[in-house]
Each structure stands twice: as structure tokens, then as C-alpha cells.
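Novice: Kindly generate the corresponding structure for this input.
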Amino acid sequence: MLPSRWIKVVSFLRVGSCIAVLAQEDSLQASIIDRSTLDGKLFVGYQAWFRKPFEDNGNSHWTTSLSDPGLTLIHYVVGVDMVPNITGYPEECLFDTSFTLPDGKPAQFYTNDCEWVVDLHFSMMANYGISGAFIQRFYGYINEANGGWVNILNYAKTAAEKYGRGFVIEYDLNGAATGSTNVTDTFLADLEALSSITSSPAYMHQNGKPVLEIWGLGIVTEVTVDDGIAIVTALKNAGWYVILGVQQAWHAELAADQPGGFGPVYKLAHMIQPWTVGSYDVNNYDEFHDGRQAIEDRNALQQLGLESSIVVWPGGSSSNANPSEVFDHFPRWNGTFYQKQLDGAISLKPNFIFGAMFDEVNEGTAIFPVLRNRELPTNQRFLGIDDDMEPDIYLKKAGDAASKLAAAWQGD
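Specialist: Numbers count the residues shown, from 1 in each chain. Reported below is the predicted structural model:
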């Protein structure tokens, strides 16, 4: 079992130059969410792909290269733009890097292979009122050796049950290709193998069906329209409620004369979730919201009789993993950018809000605690949050939005 000191993260307090996490041993679970519906909730995407490099455990994602097992994380292979605030993480789940903090100590990263990391992350979701997580399952890693991803799914299941959260499996089509694999059969076989996980009382349902998201139809070009039709049809026939994560201009492909368009696939879904990360910045978000989301998306969904999810994200930067990218490409503006999107999403009252992402430090969209600018390593460029912000500010914003969306649904 997890040591009691890690049971529940209550708040972050400034103590000199440190952040201390208070633990509370009573009330192991926050109130249990209603797992029978997505309506009125805010979920976060959970990558959970951060592992200690150079060990026999699949991939790391702290780095972009695993070519030299004699090295630790060094500047030319680092794959993240943000550094996690590891306050409260069990020591056995951490490892030193070659990045030097201002006090001369090495920065530490965590490994998702450690069950207590996943436990801590779900406790954060519970403490701030976030409904739970969509656990990313990448097609290219479905058959990963050593059970790494399946282990993490089991950790998430246990933590969601423990903290009264919900969870969903989200398949990412990256790595899939119609010409080389039967994607439909792969999904069905994987879901059968994961039945002990999806049968959890914490697994989310909608309209009486277990929920599954397929991300990337119309985005991952190696998967064809015909394959998309086969995938969605088979999953629906197997009893799943199917959400499709699609490109942000998805409704343009609904016209029957759109050559090669994925409209026939989108129409089969139960819910559409347009992927809007990178589609706007703080300057043109209002225009995007007022036009695309409030008019075009809403009208298309109503005409098709489909339910909806709106994606929000705090900002983005991925220049370490992708050197050609601009550093701090989508600034956070001290939380203003995220707050505008949360408020905009609530005003449209989708079935649920999807927060991209909980832990995505590769692309700088993480909302879990990361280091502030003054706390960053001195021998590598990273992006921090503003010095006048508390590390948990984005968790607070997400939790507040979850409460407001729930109230909007309860007001009906």
C-alpha cells in the first residue's frame, strides 16, 4: 500500500523557496463521481508515458533518443519543455537527471512505471474536483513487451476506484495503417484482453454503454475512411459508446461531395470531440469560439444528433522535442488563455470538457504542477510557469470549471 504521507494532496504552500505538500490521512476518497454519465464533467487526458530512460521498459518520452545507455538526460536528447514539480512524489519513483537546479542539486524526474505516481496523480484530480482521466493507449504500443502500458492501466483503475474518479481508454491511432494491419481486429482483441480493466466500477459509461474514444480518424492519414467505418461500426456492435477525436474543421467533411472526406465516419459516432490544440491563441480565441465552436460545430452536431466534447488547453511549447518549433509558441499569459477557454466551453455546455493534458510536458500543455521560472534548471532551456503563480493554479482552474459545468447541467 501507498505510504500514508502520499495518500492525499491537499494544497501547495510556499515555505521559503520550497513548496510543501500537506498530507491528510482521513477521507481517503473525495466524493465519488457518477460513473454512469459523462454529462457535466471535466476529464483530463493522461499520457502516462514517462519512464526512466535506458531501462527495459519500452519508451521513455523524457527523451527523444535512447541511443546511448551510458548517458542520463542531457540537453540534446531531452524531449520535454517543462519540468515537473516533484514535491510529494515518493523517492523510489524518482531519478536524477543531469539538469542542475539553481541550488546546485540535480533536477529529478519520475517514472510512470511506479504505481504510486499514478496514485498521486489521481489523488490530485480528486482533490481539485477533476472528474478523472482519459488514459491514452497508443496503437503503436498495444503489443509492447513487459506489460508496461497494461500495468499503467491497472494502476489507473486502482487509483480511480480508490479516489472516486472515473476513467476511459482513449486509443490514439498513431502507429496504425490500413495497409499493414487490421485495425478493427486489433482493437477488438485488445479490448477483450483488457476486460478486467473496463469492467471496473470506475469505468465511465454514457447512455448505458461503456465509453471508448478513438483519436485520429481524419488526422492519422494512414487509416482510410473505409477502415474508419469498419472500426466504429464494429465497436458500436460490440456495445461501446464511441467518441471520435477528430480534426478541428471536421464539419467541412460532412458534405456528400467532399472527396475522401471522413463525414461517413463522423456520422456513425455517438460523440464528436474536435481537436483544437494549436488552432488559436489568446488573440483569436474569441473569434474561434464565437464562430467555429458556437455556430458551425454546434449546428453540425445538432443536425447529426450527436453529443459533444470541447477541448481546452493551457498553452504549448515543444521546442526541445522538435527543435524547429518556436519556444513558448502558445504562451499561457499567466493563466488567462486557459481561463478564457474554460469559460467559453462552459457557456456552450458540452456533455463534457476535455482538458489537454494533465501531464503533457513534451508539448507544454500540462496542468499538473511544474516548476516556476525561477526554479528551472540553469543548464538547459525549459519553460516554467510565472513566478507569481502557485504550482497548482491550473488544477484549481480546471476544478473550478468542473464545478461550474456540473452546476450548469444540474440547472436543467
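Novice: Stretch 372-389: how far from the chain's middle?
Specialist: Stretch 372-389 has its C-alpha centroid displaced from the chain centroid by 22 Å (CA atoms, centre = their mean, to the nearest Å).
Novice: Strands of the stretch 101-250 of the chain, start to end?
Specialist: Using DSSP state E, counting those that start in this stretch, the strands of the stretch 101-250 of the chain run over residues 106-110, 132-138, 166-172, 205-206, 209-215, 241-247.
Novice: So which elements touch the one helix or strand Ser308 maps to?
Specialist: Assessed by DSSP states H and E, Ser308 sits inside strand 307-312. The helices and strands touching strand 307-312, judged by 3 or more CB pairs under 8 Å, 6 or more residues apart in numbering; DSSP states H and E, are strand 271-275, helix 298-304, helix 336-348, strand 352-355. To be clear about C-beta, it is placed using only N, CA and C from the backbone, and glycine gets the same treatment.
Novice: Format the strands of the stretch 101-250 of the chain as TSV; extra columns: distance to Pro274 and mean neighbour count.
Specialist: Formatted as TSV, the strands of the stretch 101-250 of the chain follow (distance: least, CB to CB, whole Å; neighbours: other CB atoms under 10 Å):
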stretch	distance to Pro274	mean neighbour count
strand 106-110	32	20
strand 132-138	15	25
strand 166-172	15	24
strand 205-206	18	19
strand 209-215	11	23
strand 241-247	6	24
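Novice: Glu363: which of the ones you listed is closest?
Specialist: Taking CB to CB, strand 132-138 is the member of the strands of the stretch 101-250 of the chain nearest to Glu363, at 12.8 Å.
Novice: what does that closest one rub up against?
Specialist: Residues from elsewhere that reach strand 132-138 (CB atoms under 8 Å, 6 or more residues apart in numbering): 33, 41, 43-49, 121-122, 125, 149, 152-153, 156, 160, 165-172, 174-175, 190, 202, 204, 213, 354, 358.
Novice: So what angle separates the directions of that strand and strand 209-215?
Specialist: 50 degrees (axes from the mean of the first three to the mean of the last three CA atoms, to 10 degrees).
Novice: partner strands of strand 132-138, parallel or antiparallel?
Specialist: Applying DSSP bridges, strand 132-138 is found paired with strand 41-46 (parallel), strand 166-172 (parallel).
Novice: Tell me which of the helices and strands packed on strand 307-312 is the most buried.
Specialist: For the helices and strands packed on strand 307-312, the largest average neighbour count (mean count of other CB atoms under 10 Å) is found in strand 352-355, namely a mean of 28.
Novice: which one of the strands of the stretch 101-250 of the chain lies closest to Val232?
Specialist: Proximity to Val232, assessed across the strands of the stretch 101-250 of the chain by CB to CB, is greatest for strand 241-247 (5.5 Å).
Novice: starting at the chain centroid, how far to the closest one?
Specialist: Centroid separation for strand 241-247 versus its chain: 15 Å, with CA atoms, centre = their mean.
Novice: Please work out which residues outside the helix or strand that that strand is followed by touch it.
Specialist: Note on strand 241-247: by DSSP H and E, the next helix or strand toward the C-terminus is helix 263-266. Residues from elsewhere that reach helix 263-266, judged by CB under 8 Å, 6+ apart: 217-218, 225, 228-229, 232, 244, 246, 250, 253-256, 272, 304, 306.
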